[in-house]
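Novice: here is my input; please provide its structure:
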Amino acid sequence: MAISWFDKFLKLLGIEEDKPVSSDNAFSVTSQAAPAATVKTNTVEPAKSEPKKTEPEPEPEPEPEPEKTAADSLQDAYPGLKANFVKVLTEAGFDSKVAIDKASDKELLALKGIGQATLKILRGK
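Specialist: The predicted structure is shown next:
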């Protein structure tokens, strides 16, 4: 009988597979190349149970929501506005919808990257 790749692998590792015991040996695996040996397995001992605590554990406090930044509020006010335009506007001091509404078209168009299409978004057209 030819040696299977699995038997060769086990032999390289110095392990040989278990031979199951049955009355009719229908499930036994025989190998002419190596004598059978028992595969050793590591067993983990069950963890020792600790005594139960009688004190109830306090519930964790909910994490505070992060504060909204000017960029977040502009993104909420103008959902079609790309992040790079939000950055340009906030860096120029237009950090709220009110500030943008008060600014003239000329002031907004003077900002880098702000063109007619972005102005239409800002003006709600």
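
Novice: how deep is residue 119 tucked in, by neighbour count?
Specialist: 14 (other Cβ atoms under 10 Å). In this view, the C-beta of every residue, glycine as well, is placed from N, C-alpha and C.

Novice: correction: the previous question concerned residue 6.
Specialist: 10.

Novice: please identify which helix or strand holds it.
Specialist: Element membership for residue 6 (DSSP states H and E) is helix 5-13.

Novice: could you list the low-pLDDT ranges of the protein?
Specialist: 1-2, 16-54, 65-72, 125 (pLDDT under 70).

Novice: same thing but at 90, please
Specialist: 1-105, 107-109, 111-125 (pLDDT under 90).

Novice: can I see the domain layout of it?
Specialist: 1-41, 70-123 (automatic domain parsing).

Novice: contacting residues around stretch 94-114?
Specialist: Contacts to stretch 94-114, defined as Cβ atoms under 8 Å, 6 or more residues apart in numbering, come from residues 70, 73-74, 77-78, 84-85, 88-89, 92-93, 115-116, 118-119, 122-123.

Novice: swap in 10 Å and give it another go.
Specialist: Stretch 94-114 has contacts (Cβ atoms under 10 Å, 6 or more residues apart in numbering) with 69-71, 73-74, 76-78, 82, 84-93, 115-116, 118-119, 121-124.

Novice: which stretches of this protein form strands?
Specialist: All residues of the chain lie outside strands when identified by DSSP state E.

Novice: all the helices of it, in order from the start?
Specialist: 5-13, 70-77, 83-91, 97-102, 105-109, 116-123 (DSSP state H).

Novice: report the buried residues of the shortest one.
Specialist: By neighbour count, and taking 16 or more other Cβ atoms under 10 Å as the criterion, the buried residues in helix 105-109 are residue 108.

Novice: need the CA coordinates for that helix. CSV is fine.
Specialist: The C-alpha coordinates for helix 105-109 follow below in CSV (Å, rounded to 0.1, in the frame of the first residue of the first chain):
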residue,chain,number,x,y,z
ASP,A,105,-21.2,85.5,-3.7
LYS,A,106,-18.0,87.4,-4.6
GLU,A,107,-16.4,86.5,-1.2
LEU,A,108,-17.3,82.9,-1.6
LEU,A,109,-16.1,82.7,-5.2
